[in-house]
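Asker: kindly return the folded structure for what I paste below:
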Amino acid sequence: MKRLVSCPQDCPDACRLLVTVEEGRVVAVTGDPDHPVTRGFACAKTTRYPERLYAADRPLYPMRRVGKKGEGRFERVSWEEALDAIAARLREILDAYGGEAVLRYNYAGTMGLIQGRRPLVFFRAIGASELDETICSATGEAAWAAIYGAEKLGVDPEDVPKARTIVLWGANVVSTNSHLVPFLKEARRRGARIYAVDVYENRTARFADRFFRVRPGSDGVLAMAIAGELFRRGAADLDYLSRYVEGWERFREAALGYSLEDGARASGLSLSELEAFVEGLIGGAPQLFRVGYGMTRHASGGAAMMAVLALPVVLGAWRREGGGALLSTSGGFRLHKARLEGLHFWKNARPKGYFRPNPYARHVNQIQLGRALTALDDPPVKALFVFNANPAATVPNAGLVREGLLREDLFTVVLENAMSDTARYADYLLPATHPLEHADLYTSYGHYWLSWSEPAARPPGEARPNTWVFAELARRLGLSLPELEEPPEKTARELLDTAHPYLVGLSFEQLMEKGSVKLSLPRPFLPYARGRPDGGKLKLPVPPVRPGTPEPGFPYRLLTPPAHHFLNTSFGMIKSLRAAEGGEPLVWVHPEDAGREGLLDGGYAELESPRGRIVRRVRVTEAVQPGVLVLEGTWRAADAPDGKSANELTPDDESDLGGGSAFNETWVRIRPLE
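Answerer: You can find the predicted model right below:
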């Protein structure tokens with residue numbers, strides 16, 4: 001039997017997948033040939049879904065810890081036993097410490113709105129501490145909002161072939177946005193030139209017509225130098241700026257303070273490279289900037305992103321189809337989310353029974369989970385619920401996170417469909433359904449298609465959806481939360497009940513019939529051709545760009561970009577994908593640095609930052625630049641030679657905007673393992 005479903009992964013492609021099911025089990029996966037973005041192919045990761053779904057160590061039944069925390073030793077219990085015990089412990093904590101002693105940790109393990117966002121109803125009903133979900137996109141979103149406003153309306157990827165100069169700035173699209181590549185190839189066939197700006201030679205650098213390898217953290221100075229040169233050469237669209245942009249004169253004055261020589265010195269590019277870059281932008285309208293979030297994960301990452309996002313404004317690129325910027329398309333999905341996450345409790349409706357809704361609840365930045373678990377007081381975090389996430393491996397300063405998870409007085413409940421690093425620290429490990437096993441509604445941040453997904457396979461064992469688990473806990477606490485018990489179809493209908501013009505005429509019945517429907521975008525789609533969509537002007541603030549500085553005694557900057565065959569730790573249990581990434585995590589080292597430190601290709605090295613130490617096998621390569629080390633992919637700690645995540649080294653400091661992460665502000669020293 002063939003079934004069409006939506007890929008749930010945290011990826012801009014949001015593919016429609018054609019799944020082959022036999023006797024209730026998924027046996028093969030490929031892309032939907034009829035979907036205009038998916039185009040019949042699936043990435044190297046999702047074709048391995050059968051191995052992911054039926055991994056030998058997948059949790060299938062509720063389990064209670066019997067060993068020490070972190071050992072991963074459990075005994076099977078019934079759902080009734082598990083839920084009764086969790087509810088009883090939770091009631092004790094709520095009575096003794098109040099709702100803020102409870103913390104959820106969730107993120108984008110599924111992009112489905114119902115199983116991904118609906119569980120927040122439970123935590124807001126009991127007044128739990130609020131989790132600020134900042135780890136990935138918060139800094140980039142804040143930078144976008146500073147110029148374009150809150151709506152993130154990137155160029156429609158289906159218009160990309162109309163661009164003539166395409167700049168892939170900090171966006172390894174071949175590995176992380178592979179369904180954009182056919183549109184890029186079509187643009188190239190029509191005469192477009194594709195530039196890649198990145199800090200090391202990855203697959204996209206090799207795909208591009210020209211690769212500009214820049215120093216990490218130099219993006220802001222480089223973009224301001226380019227902007228200054230555009231003004232000097234008369235290539236700025238002064239008509240567009242004067243009509244639709246506030247603050248452009250002050251921005252121009254600041255940009256003119258940066259010379260091409262300044263940009264070259266900061267970035268490491270030669271002056272001739274930089275001149276060629278500028279000439280390509282001037283001679284190739286419309287210009288499209290596909291930007292990635294990696295550049296934001298620095299101390300001044302928000303300022304860097306603002307500087308890069310200013311370039312299509314200076315060029316007036318938004319006036320023509322295919323021109324502008326593409327960071328995210330998520331602003332197009334203006335669904336009716338009033339009740340989705342339980343925020344309505346804070347304004348009017350109060351759930352009946354045992355509850356403490358608190359609109360002023362304590363906020364915890366998710367990148368500082370380790371601090372929250374080890375240092376928060378009044379009250380301390382006494383109960384942690386983890387779902388759709390694996391914070392033991394993916395959160396910065398992982399050693400401090402692990403220290404918190406080892407607390408005997410911390411009651412930890414993990415909902416999972418894989419034996420993750422975090423699952424091993426659970427007091428109760430509850431088997432969750434995989435998104436291919438339940439219904440859900442999906443938006444996208446890489447295109448403008450809305451999708452509905454029916455279950456394709458039977459859940460193995462006693463796996464249950466997240467909403468079911470929290471509905472059962474609510475009932476045991478005496479809470480009346482019908483939002484958690486309503487059928488997913490009802491939630492989807494409510495979300496679609498909106499008068500926004502992009503969604504007018506789009507019914508749930510239509511979505512059920514077709515599976516995936518494109519938003520009703522105006523044609524041509526030029527969201528910022530006349531300023532902001534709400535009629536206001538764009539703004540060009542002067543970004544306070546500055547490069548990062550090494551920590552004393554730690555001379556190398558460590559970068560941890562995504563790997564081609566992984567998506568964080570979601571596919572780490574698949575042996576063939578680990579083999580495709582080298583079998584174990586590898587640290588890429590430039591030959592000059594390897595010679596200086598006495599490192600051998602294939603040998604092991606110890607990397608140390610102010611936060612911790614890890615051991616990794618060395619790959620000596622000129623794909624990286626001197627002074628920069630690269631560890632591709634977030635590997636499960638269990639698959640590392642020392643059993644430690646690379647995030648043992650990364651800082652949990654906030655970037656300059658949005659409270660976002662600064663993973664790439666990691667400074668280390670490296671030496672051969674003795």
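
Asker: what segments of the stretch 401-550 of the chain are helices?
Answerer: 466-476, 482-485, 488-496, 508-514 (DSSP state H, counting those that start in this stretch).

Asker: who touches the second one?
Answerer: So the one you mean is helix 482-485. Applying C-beta atoms under 8 Å, 6 or more residues apart in numbering, the contact partners of helix 482-485 are 118-119, 121-122, 339, 342, 467, 470-471, 474, 491. (Each C-beta comes from the backbone N, C-alpha and C, glycine too.)

Asker: buried residues, that helix. List them.
Answerer: Using 16 or more other C-beta atoms under 10 Å as the test for burial, helix 482-485 gives 483-484.

Asker: packed most tightly, which of the helices of the stretch 401-550 of the chain would that be?
Answerer: Mean neighbour count (mean count of other C-beta atoms under 10 Å) peaks for helix 466-476 among those, with a mean of 22.

Asker: tell me the centre residue of this protein?
Answerer: Geometric centre of the chain, nearest residue: residue 136, 4.4 Å, by C-alpha atoms, centre = their mean.

Asker: could you verify that it is part of a strand?
Answerer: No - applying DSSP: H, G, I helix; E, B strand; the rest coil, one finds residue 136 to be coil, outside a strand.

Asker: that older thread, make JSON lines from the helices of the stretch 401-550 of the chain and add distance to residue 394 to it.
Answerer: Shown next, in JSON lines, are those (distance: least, C-beta to C-beta, whole Å):
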{"stretch": "helix 466-476", "distance to residue 394": "18"}
{"stretch": "helix 482-485", "distance to residue 394": "26"}
{"stretch": "helix 488-496", "distance to residue 394": "27"}
{"stretch": "helix 508-514", "distance to residue 394": "32"}
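
Asker: out of those helices, nearest to residue 563?
Answerer: helix 466-476 (27.1 Å; C-beta to C-beta).

Asker: quickly note the distance from residue 26 to residue 418.
Answerer: To residue 418, residue 26 is 15 Å away according to C-beta to C-beta, to the nearest Å.

Asker: hang on, I meant residue 654
Answerer: According to C-beta to C-beta, residue 654 stands 29 Å off from residue 418.

Asker: higher neighbour count, these two?
Answerer: residue 418 (22 against 18; other C-beta atoms under 10 Å).

Asker: dihedrals phi and psi, that one?
Answerer: Dihedral pair for residue 418: phi -150, psi 150, per degrees, to the nearest 10.

Asker: so what's it up against?
Answerer: Here residue 418 is in contact with 52, 55, 57-59, 570, 573 (C-beta under 8 Å, 6+ apart).

Asker: cool, and residue 630?
Answerer: For residue 630, counting by C-beta under 8 Å, 6+ apart, the contacting residues are 200, 558-561, 587-588, 623-624.

Asker: that one falls within a strand, correct?
Answerer: Yes - according to three-state DSSP, the state of residue 630 is that of a strand.

Asker: distance check, the closest residue to it other than its chain neighbours against residue 561.
Answerer: In space, residue 630 comes closest to residue 588 once its chain neighbours are excluded; the distance is 4.1 Å by C-beta to C-beta, 6 or more residues apart in numbering. For residue 588, the distance to residue 561 (C-beta to C-beta) stands at 10 Å.

Asker: who touches both of those two?
Answerer: Common neighbours of residue 588 and residue 561 (C-beta under 8 Å, 6+ apart) are 200, 630, 632.

Asker: export the residues you listed to CSV and tack on pLDDT and distance to residue 131?
Answerer: Formatted as CSV, these follow (pLDDT from 0 to 100; distance: C-beta to C-beta, whole Å):
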residue, pLDDT, distance to residue 131
200, 98, 32
630, 98, 30
632, 97, 28
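
Asker: now, which of these sits nearest residue 70?
Answerer: Using C-beta to C-beta, residue 632 is the member of the shared contacts of residue 588 and residue 561 that sits closest to residue 70, with 26.1 Å.

Asker: ok, now which ones touch the closest one?
Answerer: 560-564, 581, 586, 588.

Asker: still on that earlier bit, hang on, the residue nearest to residue 630 in a strand?
Answerer: Yes - counting by three-state DSSP, residue 588 is part of a strand.

Asker: tell me the bridge partners for it.
Answerer: Residue 588 has the following beta-bridge partners by DSSP bridges: residue 619, residue 630.

Asker: who's in contact with it?
Answerer: Residues in contact with residue 588, defined by C-beta under 8 Å, 6+ apart, are 200, 619, 621, 623-624, 629-632.

Asker: burial count for residue 95?
Answerer: Applying other C-beta under 10 Å, we find 9 residues neighbouring residue 95.

Asker: okay, and it sits in which element?
Answerer: helix 79-97 (DSSP states H and E).

Asker: buried set for that helix?
Answerer: Neighbour-count burial for helix 79-97, counted by 16+ other C-beta under 10 Å, picks out 79, 82-83, 85-87, 89-90, 93-94, 97.

Asker: on the three-state scheme, residue 651 is what?
Answerer: For residue 651, the secondary-structure state derived from three-state DSSP is coil.

Asker: list the residues that contact it.
Answerer: Contact partners of residue 651, counting by C-beta under 8 Å, 6+ apart, are 396-397, 609, 611, 662-663, 665-666.

Asker: any figure for the gap between it and residue 579?
Answerer: 31 Å.

Asker: that older thread, can you tell me which of the shared contacts of residue 588 and residue 561 is closest to residue 425?
Answerer: Using C-beta to C-beta, the shared contacts of residue 588 and residue 561 come closest to residue 425 at residue 632, 26.0 Å.

Asker: which among the contacts of helix 482-485 gets closest to residue 543?
Answerer: Proximity of the contacts of helix 482-485 to residue 543, judged by C-beta to C-beta, is greatest for residue 342, which lies at 35.8 Å.

Asker: burial measure for the closest one, as a count.
Answerer: Neighbours of residue 342 under the rule other C-beta under 10 Å: 22.

Asker: who's in contact with it?
Answerer: With the criterion set at C-beta under 8 Å, 6+ apart, residue 342 makes contact with 120-125, 483.

Asker: with residue 313 instead?
Answerer: 147, 240-241, 245, 248, 528, 538, 540.

Asker: as a whole number, average confidence for stretch 550-560?
Answerer: The pLDDT scores in stretch 550-560 average 94.
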